[in-house]
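Asks: coordinates only, sequence not included:
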Ligand code: 5GP
């Protein structure tokens, strides 16, 4: 279906291929896993397949709820046909429960449930370790305009509401997640990249067991099993 010479980009977890349609690309999900800005490298068996399936379910759910994404259709178990977008170099992070970098930054124990979710943005730049910035940085450095940020935050709020309810039904707490947006050929800002256990913290509601990439980051074992568990729970909904 696609040839190596058509590859236009290779990231840490995915490869992007051009297609005959200049407005569409094929995204291939790899098993490679990295953490701590590439310091820890490894591979999680079948991760590409699992993340592609999980993202497909979530992006279809978001579409049903009026949120446009880059996803067009599944090609095979590791590949998706997607709209070509220009990624806005921001990682948009939502925290419903404090964990990870912000818990560390503020010296607060992981697990504090937040009545009001925290929205953060970081500047997508590997060599700087994706530094946390605020709206003023983004606007002054022309990464996004005020109107674009308002649009991104409004979509992010809705995505969080839909996903929280969805994972709730799977007996999973959506602790936090990172999303990325891009501009399509008409300049419209739409959700891109993926939503999977690679970029979201997912804890079992009863046992608080981590069902996400923290199992890889923190050497907790049973990584593939955790991703399989997430997929099997959301497939049933
Ligand atoms: P933290 O800032 O606590 O490390 O991450 C917050 C959330 O965003 C977590 O769910 C984490 O998986 C996700 N996240 C933050 N930065 C990245 C990144 O560079 N890549 C991926 N895949 N996820 C990220």
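Replies: Received it, and whenever you're ready, just let me know what you need. Values in this document were obtained by computation on a predicted structure and should not be read as measured data.
Asks: please name the bridge partners of the nearest residue to residue 59 once chain neighbours are set aside.
Replies: Spatial nearest neighbour of residue 59, excluding adjacent residues (C-beta to C-beta, 6 or more residues apart in numbering): residue 71 at 4.1 Å. The way it works is simple: take the backbone N, C-alpha and C, and place the C-beta from them, glycine included. Beta-bridge partners for residue 71, by DSSP bridges, are residue 82.
Asks: so residue 71 touches residue 82, yeah?
Replies: Yes - the criterion here is C-beta atoms under 8 Å, and residue 71 meets it with residue 82 at 5.7 Å.
Asks: list the buried ones in stretch 115-133?
Replies: 117, 120-123, 130, 133 (16 or more other C-beta atoms under 10 Å).
Asks: ugh, typo on my part, it should be stretch 18-28
Replies: In stretch 18-28, counting by 16+ other C-beta under 10 Å, buried: 18-19, 25-28.
Asks: also stretch 74-91?
Replies: 75, 78-85, 88, 90-91.
Asks: in strands only, show me the residues you listed.
Replies: Secondary structure defined by DSSP state E assigns 75, 79-83, 90-91 of these to strands.
Asks: now do the same for residue 22: helix, strand or coil?
Replies: Under DSSP: H, G, I helix; E, B strand; the rest coil, the three-state class of residue 22 is coil.
Asks: next: residue 229.
Replies: helix.
Asks: that one and residue 89: what is the separation?
Replies: Distance, residue 229 to residue 89, using C-beta to C-beta, to the nearest Å: 33 Å.
Asks: what does residue 118 give?
Replies: With C-beta to C-beta as the criterion, residue 118 and residue 89 are 21 Å apart.
Asks: and the pLDDT at the closest residue to the ligand within the chain?
Replies: Closest approach between the chain and the ligand, counting by C-beta to the nearest ligand atom: residue 100, at 2.1 Å. Reported pLDDT at residue 100 in the predicted model: 98.
Asks: wait, isn't it in contact with residue 111?
Replies: No - using C-beta under 8 Å, residue 100 is not in contact with residue 111, being 11.2 Å away.
Asks: more neighbours: which of those two?
Replies: Under the neighbour definition other C-beta atoms under 10 Å, residue 100 and residue 111 were set side by side, and residue 100 has more, 16 against 13.
Asks: and the more buried one, what does it touch?
Replies: Shown in contact with residue 100 (C-beta atoms under 8 Å, 6 or more residues apart in numbering): 110, 176, 201, 214.
Asks: how about a cut-off of 10 Å?
Replies: By C-beta atoms under 10 Å, 6 or more residues apart in numbering, the contact set of residue 100 is 93, 110, 175-176, 201, 214, 217.
Asks: test my guess that residue 108 contacts residue 95.
Replies: No - look at residue 108 against residue 95 with C-beta atoms under 10 Å: they stay out of range, at 11.2 Å.
Asks: residues shared between the contacts of the two?
Replies: Common neighbours of residue 108 and residue 95 (C-beta under 10 Å, 6+ apart) are residue 102.
Asks: more neighbours: the two, which one.
Replies: Between residue 108 and residue 95, residue 95 has the larger neighbour count (other C-beta under 10 Å), namely 22 against 12.
Asks: for that one, which residues make a bridge with it?
Replies: Bridge pairing for residue 95 - DSSP bridges - gives residue 118, residue 176.
Asks: quick one: residues contacting it.
Replies: Counting by C-beta under 10 Å, 6+ apart, residue 95 has contacts 101-103, 112, 114, 117-120, 160, 174-177, 201.
Asks: between the buried residues of stretch 74-91, which is nearest residue 35?
Replies: Nearest to residue 35 out of those is residue 91 (C-beta to C-beta; 14.6 Å).
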